[in-house]
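>>> Dropping the sequence and predicted coords here.
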Protein chains: 2
Amino acid sequence: MNPRKEHVVTKYYKMPEDEKFILESGVKLPELKIAYETYGELNKEKTNAVLICHALSGDAHASGYHSEAKKPGWWDPMIGPGKAFDTDKYFVICSNVIGGCKGSSGPNSINPDTGKPYGLSFPIVSIRDMANAQKKLIDFFGIEKLLSICGGSMGGMQALQMTLDYSENVISCIPIATAHKHSAQQIAFDEVGRQAIMADPAWNGGDYYNSEHPVRGLAVARMVGHVTYMSDESMNQKFGRMLKKKKLGYEFSTEFEVEGYLRYRGDNFVKRFDANSYLYMTKAMDYFDLQKDKKLAHVFKDLKARFLVIAFSSDWLYPPSQSKDIVRALKMNGIDVTYCEISSNHGHDAFLLEFDEETKLIKHFLQKTFKKAAGK
Amino acid sequence: MNPRKEHVVTKYYKMPEDEKFILESGVKLPELKIAYETYGELNKEKTNAVLICHALSGDAHASGYHSEAKKPGWWDPMIGPGKAFDTDKYFVICSNVIGGCKGSSGPNSINPDTGKPYGLSFPIVSIRDMANAQKKLIDFFGIEKLLSICGGSMGGMQALQMTLDYSENVISCIPIATAHKHSAQQIAFDEVGRQAIMADPAWNGGDYYNSEHPVRGLAVARMVGHVTYMSDESMNQKFGRMLKKKKLGYEFSTEFEVEGYLRYRGDNFVKRFDANSYLYMTKAMDYFDLQKDKKLAHVFKDLKARFLVIAFSSDWLYPPSQSKDIVRALKMNGIDVTYCEISSNHGHDAFLLEFDEETKLIKHFLQKTFKKAAGK
């Protein structure tokens, strides 16, 4: 059977009513729902589980095809039989973060107290809250130790946070194209996106679920994002100064190919993403700071996991220097860490494009981790 | 008398009715008005005139104080007695570009055919059109040869264009933090700004002069701009992750200092700038391409002017590599060019901040140019 024809489905975890979920802010979330998918089989000993954490615009659907879908999950070339996350060997879990808009509790969920979507009354969530929610899911599977936790960008932050907070439960960590804290520039770009959404009158203080959505504001936010995801070099190679028409039209319509690309990406995004979730997720990233007033090496001192840290040469949004800061602090604690800077001109997007390089690194790292954990 | 107490005033040039002004698009501008200021005295031989070209958000008011004003012109530390552009020696002219909103013909001017503001019916202008308009002003003064033409960012583009188009009339050129063409990334950032403005319902297709202006969209555009004007390093030094309050508030208000700064800059900008002008100027920059299908060295082959090209180490919006492209093409033609990359962590903003370094370079360059031109 062609495994590509095998359909995957999104499932839902609901926290039992006798359990509580307290957010980092101190607020208690009335109920917790997590959308997730799994690929491969959990072995009897439950020692082959890998958690994949998604980035800003991702969701639980990381691999395979949904029924009727033409496109596979967002990291399909990395997850499947024989792939980096080899589903013949590993049990791969991916869940939608809380605060998201693809099935997990978030601003577009129904508030049980009012019967209406939360909107901005949904409490602010942090990367730690996202990690805690995923820990609930891992516990639900009865998995005591994750073989690995991996993610790019915001996913990498979750991977780092979870490895830190549950150091007994994570055997290895693969943070990709990420940082241990958001810099001023990273906060600034996020804030521009949020302001673009909030400037849209349709946003209406976050209360728009029964009316027109703030699609124009969200499209602008996504456009800002896309410029930061690509490198100057890849933009020049892909678009340069190419025109959509034969010559300049001396008007304000879409004239350059790069303009058309950005508008297309912006317009497409609003069909599949909730503007409020964009606010919540960027806020969670901006709050992210593993270090706070401490030295990073001190923060990492009790870590037991082994690490594979990956960065991309042309990523200027999460530059290799930020990954190197993580690596340095790990090394200072004598932690087993491999660092690889993949040469790529795809900018931050590279983590969703450089499959060959990522596969080589991750496949080998997981195999070694699995053997070590099994005491072989 | 303290020259700082001497007030300057903006004056206006109006093209005589028997002259024509045809834009690069082929459209004839019904009338041409140029707001300008001058500092210092034009000598009898008219050999000491320097033209300063402003950037996106600048205007004709480059130096000195307007009556009642608390702040001087936008490049005041560079222009005045004893300064880089020494008004004891040189006659300095600065004019508002066409398409601007500070007194020169632009989208907020009254269309003589309708008696109403042009709005989007104002024709698209190019950097060449801006240069041609300033040539009219130079002719009005009876200046045959400009001792120098200087500008940063969009101002540098005008300086390059004018030096190329009027090679007999420009003795020297000082392009600062600029490029000979806009790259895909530069177009992309501009397009995001334009889309932010156009997404604001108050923009109303550019027809808003008698109603609420698209202030929210323009503020977002300006915020995007500001992130690109600063460097990651300067943002980290200036703001880092500093909070406005004592601790995180878990809400969407302004929490980080960097957010407050961006909002402040955005909100202030809309008080003094016209959203349509923002569209016209960014469009002019995006159209800017001295090279087109030719080799840049070929484009520069008939140039006679001497050059001082300045770039800043941390400027990632108009990186030093773009200035070096200009320098290389000039050198290939045996043109007298000095290149200086000023070490600064201020990013693109550096051209409006690194006065000491700029002064040293420019003062010396102008003196030498003046002596050479006088045959001394």
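Happy to help now that I have it. Numbers count the residues shown, from 1 in each chain, chains lettered A, B, ... in the order given.

>>> and the stretch 201-350 of chain A, which of its residues are near chain B?
A:201, A:216-217, A:219-220, A:223-224, A:226-227, A:230, A:232, A:235-236, A:238-241, A:248, A:250-252, A:256, A:258-259, A:262-263, A:266, A:279, A:283, A:286-287, A:289, A:316 (CB under 8 Å from any CB of the partner chain). Backbone N, C-alpha and C define where each C-beta goes, glycine included.

>>> domain parsing for chain A?
A:3-182+A:289-373, A:186-284 (automatic domain parsing).

>>> For the first one, give the mean pLDDT please.
To tie it back to what came earlier, the one meant is domain A:3-182+A:289-373. Here domain A:3-182+A:289-373 scores 97 as its mean pLDDT.

>>> go on, the shortest one?
In this model, domain A:186-284 carries a mean pLDDT of 97.

>>> Would you quantify the distance from the residue lying closest to residue A:217 once chain neighbours are set aside to residue A:215?
Distances taken as CB to CB, 6 or more residues apart in numbering or on different chains place residue A:200 nearest to residue A:217, at 3.0 Å, with adjacent residues excluded. Noted for residue A:200: a distance of 8 Å to residue A:215, by CB to CB, to the nearest Å.

>>> tell me what the top helix by length along chain A is packed against?
Taking DSSP state H as the criterion, chain A has its longest helix at helix A:355-373. On a contact count with 3 or more CB pairs under 8 Å, 6 or more residues apart in numbering or on different chains; DSSP states H and E, helix A:355-373 meets strand A:85-86, strand A:148-152, strand A:172-176, strand A:306-312, strand A:337-342.

>>> residues in contact with the first one?
Applying CB atoms under 8 Å, 6 or more residues apart in numbering or on different chains, the set of residues contacting strand A:85-86 from outside is A:39-40, A:50, A:52, A:78-80, A:92, A:150, A:362-363, A:366.

>>> returning to that earlier point: wait, the residue nearest to residue A:217 touches residue A:219, no?
No: with contact defined as CB atoms under 8 Å, residue A:200 and residue A:219 do not form a contacting pair (9.3 Å).

>>> Now the common contact residues for those two.
Joint contacts of residue A:200 and residue A:219 (CB under 8 Å, 6+ apart) are residue B:199.

>>> between the two, who's got more neighbours?
Taking neighbours as other CB atoms under 10 Å in any protein chain shown, residue A:200 and residue A:219 compare with residue A:200 leading, 28 against 25.

>>> got a list of what the more buried one touches?
Applying CB under 8 Å, 6+ apart, the residues contacting residue A:200 are A:214-218, A:275, B:199.

>>> Check residue A:362 too.
A:78, A:84-85, A:150, A:174, A:308.

>>> What separation do you get for it and residue A:85?
7 Å.

>>> How about residue A:163?
Counting by CB to CB, the gap from residue A:163 to residue A:85 is 17 Å.

>>> now swap in residue A:170 and tell me
16 Å.

>>> those helices in the stretch 1-150 of chain A, which residues are they?
A:127-140 (DSSP state H, counting those that start in this stretch).

>>> which bits of it sit near chain B?
A:25, A:27, A:120, A:123-124.

>>> before we move on, back to that, would JSON lines of the domains of chain A with distance to residue B:156 be doable?
Formatted as JSON lines, those follow (distance: least, CB to CB, whole Å):
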{"stretch": "domain A:3-182+A:289-373", "distance to residue B:156": "23"}
{"stretch": "domain A:186-284", "distance to residue B:156": "18"}
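
>>> All the strands of the stretch 101-250 of chain A, in order from the start?
A:110-111, A:116-117, A:148-152, A:172-176 (DSSP state E, counting those that start in this stretch).

>>> ok, back up a step: now for the contacts of residue A:200: which two are most distant?
A:275 and B:199 (12.5 Å; CB to CB).

>>> Quickly list what's touching both of the two.
A:200, A:217.

>>> got the contact list for the residue nearest to residue A:97 when sequence neighbours are not counted?
The shortest distance from residue A:97 to any non-neighbouring residue, by CB to CB, 6+ apart, is to residue A:130 (4.4 Å). By CB under 8 Å, 6+ apart, the contact list for residue A:130 reads A:53, A:97-99, A:158, A:161, A:284.

>>> Which of these ranks first by neighbour count?
residue A:97 (33 neighbours).

>>> Quick check, it in contact with residue A:54.
Yes: at 6.8 Å, residue A:97 and residue A:54 qualify as touching, with contact defined as CB under 8 Å.

>>> Any chance you could list residues touching both of the two?
residue A:154.

>>> Quick check on the residues of the stretch 1-150 of chain A next to chain B: which are buried?
The neighbour count (16 or more other CB atoms under 10 Å in any protein chain shown) marks A:25, A:120, A:123-124 as buried among these.

>>> out of these, what pair is the most spread apart?
A:25 and A:120 (13.9 Å).

>>> For the residue most central in space within chain A, which residues are in contact?
Nearest to the mean C-alpha position of chain A, by CA atoms, centre = their mean, lies residue A:55 at 1.8 Å. By CB under 8 Å, 6+ apart, the contact list for residue A:55 reads A:151-155, A:351.

>>> Who is residue A:312 paired with across the strands?
residue A:342 (DSSP bridges).

>>> quick one: stretch A:274-284 to chain centroid distance?
Here stretch A:274-284 shows a centroid-to-chain-centroid distance of 13 Å under the convention CA atoms, centre = their mean, to the nearest Å.

>>> and if you look at stretch A:166-176?
On CA atoms, centre = their mean, the centre of stretch A:166-176 falls 16 Å from that of its chain.

>>> for stretch A:316-333, same thing?
18 Å.

>>> Same check on stretch A:252-268?
The answer for stretch A:252-268 is 25 Å, by CA atoms, centre = their mean.

>>> if I read this right, residue A:108 contacts residue A:278, doesn't it?
No: between residue A:108 and residue A:278 there is no contact under CB under 8 Å: 11.3 Å.

>>> Those two: who's more crowded?
residue A:278 (28 against 18).

>>> just checking, what packs against the helix or strand containing the more buried one?
Assigned by DSSP states H and E, residue A:278 falls within helix A:275-287. On a contact count with 3+ CB pairs under 8 Å, 6+ apart, helix A:275-287 meets helix A:127-140, helix A:154-165, helix A:184-198, helix A:215-229.

>>> re earlier: and the two most separated of the contacts of residue A:55?
It's A:154 and A:351 that sit farthest apart of those, by CB to CB, at 11.0 Å.

>>> Neighbour count: these two, which is higher?
Set side by side, residue A:154 and residue A:351 show more neighbours around residue A:351, with 29 against 24, by other CB under 10 Å.

>>> For the more buried one, give me its contacts.
Residue A:351 neighbours (CB under 8 Å, 6+ apart): A:55, A:152-153, A:176-177, A:310, A:312, A:358.

>>> Please tell me how far the spatially closest residue to it that is not a sequence neighbour sits from chain B.
What sits nearest to residue A:351 in space, not counting adjacent residues and going by CB to CB, 6+ apart, is residue A:152, at 3.6 Å. Relative to chain B, residue A:152 is positioned 20 Å away (CB to the nearest CB, to the nearest Å).

>>> does residue A:152 have beta-bridge partners, and which?
residue A:176.

>>> List the residues that contact it.
Taking CB under 8 Å, 6+ apart as the test, what residue A:152 contacts is A:55, A:176-178, A:351-352.

>>> that older thread, please pick the buried ones from the contacts of residue A:351.
A:55, A:152-153, A:176-177, A:310, A:312, A:358.
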